[in-house]
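Participant: just coords:
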């Protein structure tokens with residue numbers, strides 16, 4: 001594998017990693033909101049979706 005292909009593959013993996021982290025952060029926020037005794041706050045969920 002040449003250097004350019006390795007760099008492209010590394011960049012792709014880094015982008016995938018960033019997406020995974022964002023999804024996990026969103027999932028954690030949703031779980032926190034669902035665990036809220038007063039129920040989920042719509043504005044909190046909407047902030048993550050935008």
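Facilitator: The structure has been received and is ready for your questions. Owing to the predicted nature of the structure, the values given are computational and were not obtained by experimental measurement. Residues are numbered from 1 along each chain as shown.
Participant: Distance of residue 12 relative to residue 18?
Facilitator: When distance is defined by CB to CB, to the nearest Å, residue 12 is 11 Å away from residue 18. Just so you know, the C-beta spots here come from the backbone N, C-alpha and C atoms, and that holds for glycine as well.
Participant: go on, residue 3?
Facilitator: Residue 3 is 23 Å from residue 18, by CB to CB.
Participant: For the helix or strand where residue 6 lies, give the mean pLDDT please.
Facilitator: Taking DSSP states H and E as the definition, one finds residue 6 inside helix 3-35. For helix 3-35, the mean per-residue pLDDT is 90.
Participant: rewinding a little: neighbour count winner among residue 3 and residue 18?
Facilitator: Shown here are residue 3 and residue 18; by other CB atoms under 10 Å, residue 18 has more neighbours (10 against 7).
Participant: first to last residue in stretch 27-41, what's the distance?
Facilitator: 15 Å (CA to CA, to the nearest Å).
Participant: From the chain's centroid, how far away is it?
Facilitator: Relative to the centre of its chain, stretch 27-41 is centred 17 Å away, using CA atoms, centre = their mean, to the nearest Å.
Participant: same thing with stretch 2-16?
Facilitator: Relative to the chain's own centre, stretch 2-16 is displaced by 20 Å; criterion: CA atoms, centre = their mean.
Participant: what's around residue 12, how many residues?
Facilitator: 10.
Participant: for the one 10 residues further on, same thing?
Facilitator: Neighbours of residue 22 under the rule other CB under 10 Å: 11.
Participant: That one and residue 16: what is the separation?
Facilitator: Taking CB to CB as the measure, residue 22 falls 11 Å from residue 16.
Participant: and the closest residue to residue 34 other than its chain neighbours, backbone torsions?
Facilitator: Leaving out its chain neighbours, the residue that sits closest to residue 34 by CB to CB, 6 or more residues apart in numbering is residue 40, at 5.7 Å. Dihedral pair for residue 40: phi -70, psi 140, per degrees, to the nearest 10.
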